[in-house]
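Enquirer: Coordinates only, no sequence provided:
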């Protein structure tokens, strides 16, 4: 990583001027926090990317309107438990009522309030509890690490762990910070689970470049993960920039912009991998690298085909070096390659082992392969010997618990 980028402890409160709070509103869960608030002391430029599912949740439509309107953003209200998806005009009304409650409580403009929901599809939000939660959180706002961490826990659904990351950038002597938090464990197959990601920065940057940086970066981060092949109705990534770092505003694609993009990529890739590695019921993060490809698109198609293969995911769960399933998934991906010119390797903290050469198995030790595949992070690297392009995708193994979790999710 660039020496000008430093990983620090933190999340959405790491950047200057950003605060967070959380509360137990009792929306669906009992005895846990289920609402979070992000607030900036100064109005922010906003950027966002959203689900490509034709069935879009009300918060997705609301946020898309806010981002494209050009209005500054200053607060985000998030709830867990109910997704506010497939809720018609009533659901849109709840977004407006949530924004109104936040505007009145925080003293900000209604069109500066973003909303996000995650949980069960088809249920209506208990708007009285949402409004009460907004009012309860306002006096609890703070910029400490703890406040950000608690917020990252409050937005969880089937996640087993909270997910956050932060970096500092040395931008010509000025320190710029980017921090983020996300949630996602199931219904994860983004094409921008329910996947929600919130990134905050004190960088001074134009709205146009902020949006371009995010839109370009999701192609290699969030859009390269999959847990179960289901693209959610609620997928949302929001990026807020309040300019409080005091750097010279980034208005063109110069060195500062390139550095900002590199740091943003670290944030998004880290959060994406945290989601893939926390897939519902999973025991391992499964990383697939395609190298030696003719084009980036070819490499991406091949990598995603492998991580979405149920048979391959099941083999990873069983610590079984069933390489035929990987070659099979590459073969039906639609990308063209020569199966008789593929080298395949498995790698983890336990070592690296070549499994096939030129499309044929080598004389490898099944015992050693099983040892490598028994680690919590496993990488399969396929070299197709066609060029210099590469791509990486992230997924997880497919376990008995995935079915258990999703068989009775509503109850």
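Expert: Good, I have the coordinates. This one's a predicted model, so the numbers in the text were calculated from it and none came from an experiment. Numbers count the residues shown, from 1 in each chain.
Enquirer: ranges for the helices of the stretch 201-350 of the chain?
Expert: Ranges of helices in the stretch 201-350 of the chain, per DSSP state H, counting those that start in this stretch, are 207-217, 255-276, 296-307, 310-317, 323-331.
Enquirer: Next, format those helices as TSV and append distance to residue 237, mean neighbour count and mean pLDDT.
Expert: (C-beta placed from N, C-alpha, C; glycine too.) Below are the helices of the stretch 201-350 of the chain laid out as TSV (distance: least, C-beta to C-beta, whole Å; neighbours: other C-beta atoms under 10 Å; pLDDT from 0 to 100):
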stretch	distance to residue 237	mean neighbour count	mean pLDDT
helix 207-217	7	19	97
helix 255-276	8	21	96
helix 296-307	18	22	97
helix 310-317	25	21	94
helix 323-331	27	19	97
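Enquirer: so which of these comes closest to residue 118?
Expert: helix 255-276 (12.2 Å; C-beta to C-beta).
Enquirer: For that closest one, name the packing helices and strands.
Expert: Helix 255-276 sits against strand 5-8, strand 163-171, strand 174-183, strand 196-201, helix 207-217, strand 285-293, strand 389-396, with contacts defined as 3 or more C-beta pairs under 8 Å, 6 or more residues apart in numbering; DSSP states H and E.
Enquirer: tell me the most buried of those?
Expert: strand 196-201 (a mean of 28; mean count of other C-beta atoms under 10 Å).
Enquirer: so how many other residues sit close to residue 359?
Expert: When neighbours are counted by other C-beta atoms under 10 Å, residue 359 registers 13.
Enquirer: hang on, the earlier thing: just tell me which of the helices and strands packed on helix 255-276 ends up closest to residue 233.
Expert: strand 196-201 (11.8 Å).
Enquirer: before we move on, the earlier item: mind putting the helices of the stretch 201-350 of the chain into CSV with distance to residue 163?
Expert: Formatted as CSV, the helices of the stretch 201-350 of the chain follow (distance: least, C-beta to C-beta, whole Å):
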stretch, distance to residue 163
helix 207-217, 17
helix 255-276, 4
helix 296-307, 19
helix 310-317, 21
helix 323-331, 27
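Enquirer: Of all those, which one comes closest to residue 181?
Expert: helix 255-276 (7.6 Å).
Enquirer: Out of the helices of the stretch 201-350 of the chain, which gets nearest to residue 246?
Expert: Nearest of those (C-beta to C-beta): helix 255-276, 12.9 Å.
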